[in-house]
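> Below are the sequence and a predicted model for it; my questions follow.
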Amino acid sequence: MEATTAFSRLESYEDSEDRASVKESFLVCSLEPFVFTHRTEPAKIVDSFSGWLDMSLSVALKEYGDRL
C-alpha cells in the first residue's frame, strides 16, 4: 500500500530587505492521505485524486491568505 500527503512550506521575512532573517513553517495540507497500491489503475482514481489535490491546495491557499 502506498500513500501520499501534501504540505506547504511558508517563508516570511521580518523586513522585506532583510533576507537573512527567514522564518519558515511547514503545514500539513492534506486532511487525510491519498492511499493507493501498485495494482491501482490510474484511470480509475484520477477523479478522486483530483478532488484530494484540490482540497489540499485549498488548505494551503487558505493558510497563505490568513498570513497576509
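Looks like it came in fine. Numbering: from 1, shown residues only.
> Report how many residues lie close to Trp52.
20 (other Cβ atoms under 10 Å). In this view, the C-beta of every residue, glycine as well, is placed from N, C-alpha and C.
> May I ask you to confirm that it is in contact with Phe36?
No: because the distance of 10.5 Å does not satisfy Cβ atoms under 8 Å, Trp52 is recorded as not touching Phe36.
> For stretch 25-35, measure first residue to last.
End-to-end span of stretch 25-35 (Cα to Cα, to the nearest Å): 25 Å.
> any idea of the mean pLDDT for it?
Summarised as a single mean, pLDDT over stretch 25-35 is 92.
> do the same with stretch 61-68
For stretch 61-68, the mean pLDDT works out to 87.
> what's in contact with it?
Counting contacts by Cβ atoms under 8 Å, 6 or more residues apart in numbering, the residues outside stretch 61-68 that touch it are Ser8, Leu10, Ser12, Leu27, Cys29.
> number of nearby residues for Phe36?
Under the criterion other Cβ under 10 Å, the count of neighbours that Phe36 has is 17.
> separation between it and Glu63?
Here the distance between Phe36 and Glu63 works out to 26 Å (Cβ to Cβ, to the nearest Å).
> With Ile45 instead?
In this structure, Ile45 and Glu63 are separated by 26 Å, where distance is defined by Cβ to Cβ.
> Now Leu57. Nearest residue, chain neighbours left out?
When the adjacent residues along the chain are set aside, Leu57 lies closest to Cys29, with 7.4 Å between them (Cβ to Cβ, 6 or more residues apart in numbering).
> rewinding a little: between the contacts of stretch 61-68, which is nearest Glu2?
Cys29 (18.4 Å; Cβ to Cβ).
> What residues does the closest one make contact with?
Applying Cβ under 8 Å, 6+ apart, the residues near Cys29 are Ala6, Phe7, Ser8, Ser56, Leu57, Val59, Ala60, Glu63.
> now, which of these lie within helices?
Where the contacts of Cys29 overlap with helices, as defined by DSSP state H, the overlap consists of Ser56, Leu57, Val59, Ala60, Glu63.
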